[in-house]
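>>> Pasting the sequence and the predicted model now:
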Amino acid sequence: MKDSVVAVFRPDRAQYWRDHAWMAAAAMAGGMALLWAIGNPHVWTGAIGGLAAIGLRAFYLSSEALAVEWRLTQLALEGPDGRRVALDQIARLRRLGSAVQIVTRSGDKHLLKFNDDAAALLAELRRVTGVTQ
């Protein structure tokens, strides 16, 4: 059987920035809560620190994160850095926000991140692998 590419999955730029906006909001709230809990009178600086940390991270990693490509073939899922997961070795699939996690029978885990429609991607992977969980 020839192993030809069936589909290609790439991160969505808008979803990448949406996910980082949510992370920034959480980091801002967390930073403020921590400063409040320790009695710091300048609680507002936690918001600035959280926003700066996630903003810099998002900017710095965007070109790398958005260049990732996963290819679904008839026999495997092929990803960056030579990763290859045979479809019959996938034991579990689950959605984590805008990502889909793949767990192999040997316990290896892979994430297909920043999907604009993670539910559809999960359904497609379940359809081709026969994995229901």
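Nice, thanks for sending it over.
>>> Please count neighbours and contacts with C-alpha atoms only from this point.
Fine.
>>> Tell me who's in contact with residue 24.
Applying C-alpha atoms under 8 Å, 6 or more residues apart in numbering, we find residue 24 in contact with 50-51, 53-55.
>>> Check residue 113 too.
Neighbouring residues of residue 113 by C-alpha under 8 Å, 6+ apart: 11, 98-100.
>>> Distance check, residue 103 against residue 131.
11 Å (C-alpha to C-alpha, to the nearest Å).
>>> now do residue 46
43 Å.
>>> how about low-confidence regions in this structure?
Along the chain, the parts satisfying pLDDT under 70 run over 1-2.
>>> What residue spans form the domains of it?
12-65, 70-129 (automatic domain parsing).
>>> I'd like the ones you listed as a markdown table, with distance to residue 4 appended.
Converted to a markdown table, these look like this (distance: least, C-alpha to C-alpha, whole Å):
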| stretch | distance to residue 4 |
| --- | --- |
| domain 12-65 | 24 |
| domain 70-129 | 5 |
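>>> Minimum distance to residue 6: which of the ones you listed has it?
Comparing these by their distance to residue 6 (C-alpha to C-alpha), the top pick is domain 70-129, with 5.1 Å.
>>> next one: the closest one to chain centre, how far?
11 Å (C-alpha atoms, centre = their mean, to the nearest Å).
>>> cool, and stretch 30-43?
Computed by C-alpha atoms, centre = their mean, the chain-centroid distance of stretch 30-43 equals 30 Å.
>>> Likewise for stretch 10-17?
Mean-position distance between stretch 10-17 and its chain equals 10 Å (C-alpha atoms, centre = their mean).
>>> Give me the contacts around it.
Contacts for stretch 10-17 (C-alpha under 8 Å, 6+ apart): 58, 62, 65-70, 98, 112-116.
>>> Likewise for stretch 124-133?
Stretch 124-133 is contacted from outside by 87-88, 90-94, using C-alpha under 8 Å, 6+ apart.
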